[in-house]
Structure formats: structure tokens, C-alpha cells
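Visitor: Below: sequence and its predicted model.
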Amino acid sequence: MVIRKAEKKDLNSIINLWIKQGKYHAQLDKLHARDPRSRSIITKYARSSLYSSHALLLVAEVDNKIIGFARAGLRKRSPIFRIKRYGHIDDVYIIPAYRRRRIADHLLKECFRWFCTRGVEYAELSVHAKNTVGRNAWKKYGFKEAMIHMRKKL
């Protein structure tokens with residue numbers, strides 16, 4: 001297995017995985033159902049991540065096949081807070097057949113290393129309340145609940 005920074009040639013594979021991840025999230029919550037234009041939007045987002053100094057896009061490869069990816073970024077907090085910046089894990093996805101092989105561990109270690117080289121002290125992420133598998137996995141990586149995001153239908 002190889003973990004490396006994504007390259008332009010990887011975009012189609014990454015986008016296909018991102019779309020699979022989105023389908024899973026849409027099953028959890030209808031508000032996550034994708035817009036018909038989502039592929040082009042994801043493509044622009046992924047492409048911009050390749051060249052941004054505030055974003056990291058990684059791939060996991062097995063036998064020259066991309067089987068997972070991670071996208072992380074630097075975020076700013078309100079100037080009222082002492083800690084002004086933090087690292088955000090935006091997405092991590094591994095093809096189901098390759099899960100439970102510690103691939104996400106390697107992707108996350110690279111994200112954390114990248115955050116540290118940029119002077120970031122904390123990493124955050126969001127996970128859907130109904131995604132118990134994801135919530136349990138993130139807890140195993142040392143993440144703790146810090147905020148509760150609430151929604152009301154009007």
C-alpha cells in the first residue's frame with residue numbers, strides 16, 4: 001500500500017470514490033442527497049485541493065489502484081478565540097473491500113503530520129449523528145465530541 005499526495009491523474013478515481021461516499025451519506029439523511037451537478041462541483045473542489053496551500057488531498061493505492069482518499073484543510077476560527085487555526089478532516093473514504101486494514105490510520109497520520117508542519121494544534125471533523133460506524137471509528141482515533149450541530153425543519 002502507498003499513501004501519497006494526489007495528482008491530477010488521480011482526479012477521476014477520487015471523484016468516483018467521493019460520489020460513493022455521498023451515496024452512503026444520503027442514505028443516512030435526505031438532506032445529503034446530491035444535486036445533479038454534484039460531479040462537476042466535486043471535480044472543481046478536488047482540483048482546487050491539488051493546488052491549494054491550505055488543503056491536502058491524499059490517495060491510498062494498492063497495486064496501482066486508488067482504493068481510498070483523504071481530504072484535509074486548514075480552517076480559521078473567529079478572532080475572539082485564542083487558538084485561531086485548526087486542521088479539519090473533511091473526508092476520508094476507503095473502498096469497503098479494503099477496510100479494516102489500517103489504511104485510514106495511514107491517511108490520518110499523514111494529515112496530522114501535515115497539520116503539525118503548519119503549526120496546527122488541533123484537528124476537527126464532522127460526522128453524522130446516525131453514522132454510528134463512523135462515530136465509533138473517529139473515537140478510536142482519539143476524537144471526542146466537542147459541539148452538537150442541531151437542525152429543525154421549518
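Guide: Structure received.

Visitor: For A55, list each beta-bridge partner.
Guide: For A55, the beta-bridge partners under DSSP bridges are G73.

Visitor: Pull up the gap between it and C116, please.
Guide: Using Cβ to Cβ, to the nearest Å, A55 is found at 16 Å from C116. Every C-beta, even on glycine, is put in place using the N, C-alpha and C of the backbone.

Visitor: Those two: which has the busier surroundings?
Guide: Set side by side, A55 and C116 give different neighbour counts by other Cβ atoms under 10 Å, the larger being at A55 (18 against 12).

Visitor: Thought S49 was touching that one, still the case?
Guide: Yes. Taking contact to mean Cβ atoms under 8 Å, the distance of 4.2 Å between A55 and S49 places them in contact.

Visitor: Common neighbours of the two, please.
Guide: Both A55 and S49 are contacted by 71, 73, under the criterion Cβ atoms under 8 Å, 6 or more residues apart in numbering.

Visitor: Where is the longest helix in this protein?
Guide: Longest helix in the chain, counting residues (DSSP state H): helix 11-28.

Visitor: Could you list every helix and strand that that helix packs against?
Guide: Using 3 or more Cβ pairs under 8 Å, 6 or more residues apart in numbering; DSSP states H and E as the contact criterion, the neighbours of helix 11-28 among helices and strands are helix 38-51, strand 55-62, strand 65-76, strand 85-94.

Visitor: quick one: which of the ones you listed is nearest H25?
Guide: Between H25 and those, the tightest spacing by Cβ to Cβ is seen for strand 85-94, at 10.0 Å.

Visitor: For the helix or strand just after that closest one, buried residues please.
Guide: Counting by DSSP states H and E, the next helix or strand C-terminal to strand 85-94 is helix 103-117. Using 16 or more other Cβ atoms under 10 Å as the burial criterion, the residues of helix 103-117 that qualify are 103-104, 106-108, 110-112, 114-115.

Visitor: Now do helix 103-117: which elements does it pack against?
Guide: Applying 3+ Cβ pairs under 8 Å, 6+ apart, one finds that helix 103-117 contacts strand 2-5, strand 55-62, strand 65-76, strand 85-94, strand 123-125.
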